[in-house]
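# Dropping the sequence and predicted coords here.
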Amino acid sequence: MKASKLYFSALFIISVLNVSCNKNNKEIDYGVSISAPKMIGTSAELFSEENIITLGKSNTFNFLILNNSFSNSDTTYNLSFSPLGIMQSIYSINDESYIELFNQTFDIFDTAILFNNLSTIRDLVSEIDSTIKFDNQIISEKSKGIMISQKLQFPLVYEGILKSRKLAFNISEQEKKTIEYFSIKGRFGVFIDKDYSAVDISIGNENYSLLLIEPTQTDIKNFTRKFSENDYKTIIDKLEKQVIRITFPNISDSSTYSLNLPNLSSAPSQMPSSLLINSEIKIIKPTPAELKMRESNIENQLQASSKTENHIFNKPFIYIIRGQNSNSILAIGVFINR
């Protein structure tokens, strides 16, 4: 009888331990596109679990904003924004009901923790790659919205960045414009299918990249309305390294525009229609010394391939500044050049 009791007691303890272990080992939901496992053993490992969860929410919010960007406009225009900066700036708007809905949508229970995570993420990005400079400031408040100043600059250390040329850019089937292009050759991530062409170019110290995505079956307005976080993840997962020459416009730009806020409720609400954004994005050209430091590494990569394909981005496209190991989005833009 004693042996029987001991046996069942042991089984009970084992089952409790198993349940406990299963809870501890439960996979954390980082969202659709954040790739936490790929961070292990990389500089992105600096991000804490709380930071990664925040990056996941920021990525999701990013596509809600993008899909709504041209919803109230008959025309399209250049735009760029950082979802991390917009998340923090949301709390300065004059609409408590929208802020409450935002908190519910993204399971934010303590804004102080959110602000701390956003600040830590910015510091860690600078630590991971000090050549990337990002600034987000609320420079004024108005009765119907706020003005946000966002500045982002990053280096592209390729010889072709020093040798720009003028080429035609197809704004639409009826409208063309001659603008500045760069042409660079390297080993880049490439994915091309019937819906879009995508090329991923390493920037700075190669922990982050510039992802260019050009739609092939639809115009840029419809593309931004439908391009989802799942689409983004699909492209990232299917990128394959290959030696390619890519020609693309200089996306450096400074503009002020109204950024539409997404409707987070299925019911109509009195939400602010937009945020006024003063956005500046700048590609930093390399010095001869910086080029020389990377020259041998690039040459070794190119010598490994005897074939070089060419691709030109000469019509409106989306670009994303992303973490190569985390898929986190620092900034996203639409280049139209109108």
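Received the coordinates, thanks.

# Show me where the protein has its strands.
79-81, 133-142, 145-155, 165-170, 176-192, 196-203, 208-215, 240-249, 253-260, 274-284, 309-312, 317-323, 329-335 (DSSP state E).

# Save the ones you listed as a markdown table, and put in mean pLDDT too.
As requested, these are arranged in a markdown table below (pLDDT from 0 to 100):
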| stretch | mean pLDDT |
| --- | --- |
| strand 79-81 | 95 |
| strand 133-142 | 80 |
| strand 145-155 | 89 |
| strand 165-170 | 96 |
| strand 176-192 | 96 |
| strand 196-203 | 96 |
| strand 208-215 | 97 |
| strand 240-249 | 95 |
| strand 253-260 | 91 |
| strand 274-284 | 92 |
| strand 309-312 | 92 |
| strand 317-323 | 97 |
| strand 329-335 | 97 |
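
# closest one to residue 126 among these?
Nearest to residue 126 among the strands of the chain is strand 133-142 (8.0 Å), distances taken as Cβ to Cβ. Using the backbone N, CA and C atoms, a C-beta is placed for each residue, glycine as well.

# I'd like to know which elements that closest one is packed against.
For strand 133-142, the elements it packs on are helix 83-89, strand 145-155, judged by 3 or more Cβ pairs under 8 Å, 6 or more residues apart in numbering; DSSP states H and E.

# among the ones you listed, which is nearest residue 222?
Of all those, the one in closest proximity to residue 222, counting by Cβ to Cβ, is helix 83-89 (21.5 Å).

# which strands and helices sit next to the closest one?
Applying 3+ Cβ pairs under 8 Å, 6+ apart, we find helix 83-89 packed against helix 49-67, helix 111-128, strand 133-142, strand 145-155, strand 329-335.

# deepest of the ones you listed, which one?
Compared across the helices and strands packed on helix 83-89, strand 329-335 shows the largest average neighbour count, a mean of 24 (mean count of other Cβ atoms under 10 Å).

# Neighbouring strands of that one in the sheet, and parallel or not?
For strand 329-335, sheet partners with direction are given as strand 79-81 (antiparallel), strand 317-323 (antiparallel), following DSSP bridges.

# Turn those into TSV, columns for mean neighbour count and distance to residue 231.
TSV is the format used below for the strands paired with strand 329-335 (neighbours: other Cβ atoms under 10 Å; distance: least, Cβ to Cβ, whole Å):
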stretch	mean neighbour count	distance to residue 231
strand 79-81	24	18
strand 317-323	23	10
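
# ok, back up a step: residue 233: which of the helices and strands packed on helix 83-89 is closest?
Put simply, out of the helices and strands packed on helix 83-89 the one that sits nearest residue 233 is helix 49-67, at 9.4 Å, with distance taken as Cβ to Cβ.

# would you put the C-alpha positions of the closest one in CSV?
Below are the C-alpha coordinates for helix 49-67, written out as CSV (Å, rounded to 0.1, in the frame of the first residue of the first chain):
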residue,chain,number,x,y,z
GLU,A,49,13.0,39.7,-24.8
GLU,A,50,11.0,42.9,-24.0
ASN,A,51,12.8,44.7,-26.8
ILE,A,52,12.1,42.0,-29.3
ILE,A,53,8.4,42.0,-28.4
THR,A,54,8.3,45.7,-28.9
LEU,A,55,10.0,45.4,-32.3
GLY,A,56,7.3,42.8,-33.3
LYS,A,57,4.6,45.3,-32.4
SER,A,58,6.4,48.1,-34.3
ASN,A,59,6.6,45.9,-37.4
THR,A,60,2.9,45.1,-37.3
PHE,A,61,2.0,48.8,-36.8
ASN,A,62,4.3,49.7,-39.7
PHE,A,63,2.2,47.9,-42.2
LEU,A,64,-1.1,49.2,-40.9
ILE,A,65,0.3,52.7,-41.5
LEU,A,66,1.7,51.8,-44.9
ASN,A,67,-1.6,50.3,-46.1
